[in-house]
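In: Show me the folded form of this:
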Amino acid sequence: AAQTERIGLVSTASTSYNEPYGLARTFASLDNLSGGRAGWNLVTSASPIEAANFGATGLRPHADRYARAREFARVITGLWHRKPAGHDGESFSVRDPLDIPPSPQGAPVMVQAGASDDGKDLAARTADVVFSAAQTFEEAKAFYDDLKGRLAAYGRQPDDVKIMPGVAPIVAATKAEAQAKYDALQQLIPDDVGVALLSSYLSISDLGRYPIDGPLPELPESEGMKSRQALVIEQARRDGLSIRELARYFAGARGHWRIVGTAGEIADELQARFEGGAADGFNVMPSWFPGELDAFATLVVPELQRRGLFRKDYEGRTLRDHLGLKRPI
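Out: Predicted coordinates for the structure are as follows:
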């Protein structure tokens, strides 16, 4: 926070392994130190390994995690918004108001990424920004319309939430160069690492016991990341991918949208989803740092600016200013 002036500072913290009052103080402090650039990426945590690290004997059921998250978000936003003290709920009790100066941007930005029904409901209630994963335009559009359609039930407007799908671009001066770069990066992924990562996201013990060049087996529904499991299974079935192919693709982009091409081709794809009502912006996920981030900034961003799709300078100082979000009342 002390070394930067404009960049947003969004940190992930779990509602399953924290308490609202302490986390409210942490993010309010960061928000004040940074001049209003803090954000909280709310997660419910879906890994049994993470649960074990916090002394739990297993992962809480999906519905229970989201019930706790809803109450957590309600308490923490109340603390940030200086609402009357006192909360005695199912999971939390809080007596006193927050002892931190008010946020320069009204409250830290709330970010969320769940795509299950519970996750989308939580986002519609509480989020300012929602990350999503969608391979196709149709998937992205369906998610966008579903989430935006839930907002009115909670007294919110469509512009109150910015939906930003993840995108993992590989850009070069020519399509052939971009493809060669992508192929080289994919070859760096050891099969055992890719399969282990895929196993963890699918919440199964080990895909390695199945033939690596065979199809993905039938899997039980996860109590972990339900939406990501469904996305991976759908991609495997739709594209006819073997476990090896799926593991390499997933390790490279974590299930997010991959675009390989020139700056113009990538800008075309981003513009189509933005203007088609499938995204308000994008969570750009470079495959390696700093190289691919630099390539995106020097090749794709100027093309988006030329088309009038991206600003040429900052339009404010806070993270809410950067994202076009209203200051909370």
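
In: ok now stretch 163-173, how far from the chain's centre?
Out: Chain-centre distance of stretch 163-173: 14 Å, with Cα atoms, centre = their mean, to the nearest Å.

In: Tell me where the stretch 201-329 of the chain has helices.
Out: Along the stretch 201-329 of the chain, the segments classed as helices by DSSP state H, counting those that start in this stretch run 226-239, 243-253, 263-275, 291-295, 301-306, 319-323.

In: ok, now the stretch 51-200 of the chain?
Out: Ranges of helices within the stretch 51-200 of the chain are 62-80, 117-126, 137-150, 175-187, 191-202, based on DSSP H, counting those that start in this stretch.

In: Could you export those to JSON lines, including columns for mean pLDDT?
Out: JSON lines is the format used below for the helices of the stretch 51-200 of the chain (pLDDT from 0 to 100):
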{"stretch": "helix 62-80", "mean pLDDT": "96"}
{"stretch": "helix 117-126", "mean pLDDT": "96"}
{"stretch": "helix 137-150", "mean pLDDT": "97"}
{"stretch": "helix 175-187", "mean pLDDT": "96"}
{"stretch": "helix 191-202", "mean pLDDT": "88"}
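
In: Indicate which one of the helices of the stretch 201-329 of the chain is closest to Pro217.
Out: helix 243-253 (8.6 Å; Cβ to Cβ). (Glycine included, C-beta is placed from N, CA and C.)

In: quick one: the closest one to helix 226-239, angle?
Out: Computed by axes from the mean of the first three to the mean of the last three Cα atoms, to 10 degrees, the angle separating helix 243-253 from helix 226-239 equals 130 degrees.

In: pLDDT averaged over helix 243-253 - what is it?
Out: For helix 243-253, mean pLDDT is 89.

In: now what about that helix, what contacts it?
Out: 166, 168, 182, 185-186, 189, 191, 193-195, 197-198, 201, 207, 210-216, 232, 235-236, 241, 258, 285, 287 (Cβ atoms under 8 Å, 6 or more residues apart in numbering).

In: Just put the helices of the stretch 51-200 of the chain in JSON lines and tack on mean neighbour count and distance to Ala46.
Out: Shown next, in JSON lines, are the helices of the stretch 51-200 of the chain (neighbours: other Cβ atoms under 10 Å; distance: least, Cβ to Cβ, whole Å):
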{"stretch": "helix 62-80", "mean neighbour count": "20", "distance to Ala46": "8"}
{"stretch": "helix 117-126", "mean neighbour count": "21", "distance to Ala46": "10"}
{"stretch": "helix 137-150", "mean neighbour count": "17", "distance to Ala46": "18"}
{"stretch": "helix 175-187", "mean neighbour count": "14", "distance to Ala46": "26"}
{"stretch": "helix 191-202", "mean neighbour count": "18", "distance to Ala46": "9"}
